[in-house]
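**Q** Show me the folded form of this:
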Amino acid sequence: MNNRIAVVPGSFDPPTLGHLDVIRRAAALYDQLHVLVVHNPGKEAMLPIAQRLALLEQSVEESGIQGDVVVASWSVGLLVDYATDVGAGVLVKGIRSQVDVAYETPMAIVNRHLAHIETVFLLPDPAHALVSSSLVRQVSSLGGDVSPFVPGPVARFLEGGPR
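**A** Just a heads-up that it's a prediction; the model follows:
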């Protein structure tokens, strides 16, 4: 296990500028960063995992994020299993509010217990603190302009792609 390898997990449904902000900052902190699209059984997805992967890859590339960034997916097993498989010692989570802290803290404690993997919380850039994928999905489904909240590839897809 290597504390210089980190995993940023999320549903990324769809990826937002807040996600890219966390990815950019985490990529600067770690030698290798795995951005992991995970299946959340508690959420009904708007986009299939393959589409989220493609949009994340395009967004990371187009944004010019520096560093060794791997975009992958994981849908079977525990998140810590993926982290262990790639030698990561750290999970990085973006935290927007106290609600996120309350949700993420028990998972961080269990992940540390299960696999000795630490969780690092990154606070968002204030410009992105109130934007969630859920909000983007809602605005997009009602025909609103989400371009101020999502990377270019995501905005282009949502404008012309299937919903």
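
**Q** May I see the buried residues of stretch 55-72?
**A** Applying a neighbour-count criterion of 16 or more other CB atoms under 10 Å, the buried positions in stretch 55-72 are 55-60, 63, 65, 69, 71. Heads up, the C-betas are built off the backbone N, CA and C, glycines and all.

**Q** which residues make contact with that stretch from outside it?
**A** Among residues not part of stretch 55-72, those counted as contacts by CB atoms under 8 Å, 6 or more residues apart in numbering are 12, 14-15, 19-20, 23-24, 27-28, 30-37, 47, 53, 82, 86, 151-154, 157.

**Q** What's the end-to-end length of that stretch?
**A** Terminal residues of stretch 55-72 lie 12 Å apart, using CA to CA, to the nearest Å.

**Q** Please renumber the chain so that the first residue is 417 from this point on.
**A** Sure, I'll start numbering at 417, so the last one becomes stretch 471-488.

**Q** Regarding V536, which helix or strand does it belong to?
**A** When secondary structure is defined using DSSP states H and E, the element that contains V536 is strand 534-538.

**Q** Tell me where this structure has strands.
**A** If DSSP state E is used as the criterion, the strands of the chain fall at 418-426, 448-454, 484-490, 504-510, 534-538.

**Q** got the ones you listed as JSON lines, with mean pLDDT and distance to R553 columns?
**A** Formatted as JSON lines, the entries for the strands of the chain read as follows, by pLDDT from 0 to 100; distance: least, CB to CB, whole Å:
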{"stretch": "strand 418-426", "mean pLDDT": "92", "distance to R553": "14"}
{"stretch": "strand 448-454", "mean pLDDT": "97", "distance to R553": "15"}
{"stretch": "strand 484-490", "mean pLDDT": "97", "distance to R553": "19"}
{"stretch": "strand 504-510", "mean pLDDT": "97", "distance to R553": "17"}
{"stretch": "strand 534-538", "mean pLDDT": "98", "distance to R553": "23"}
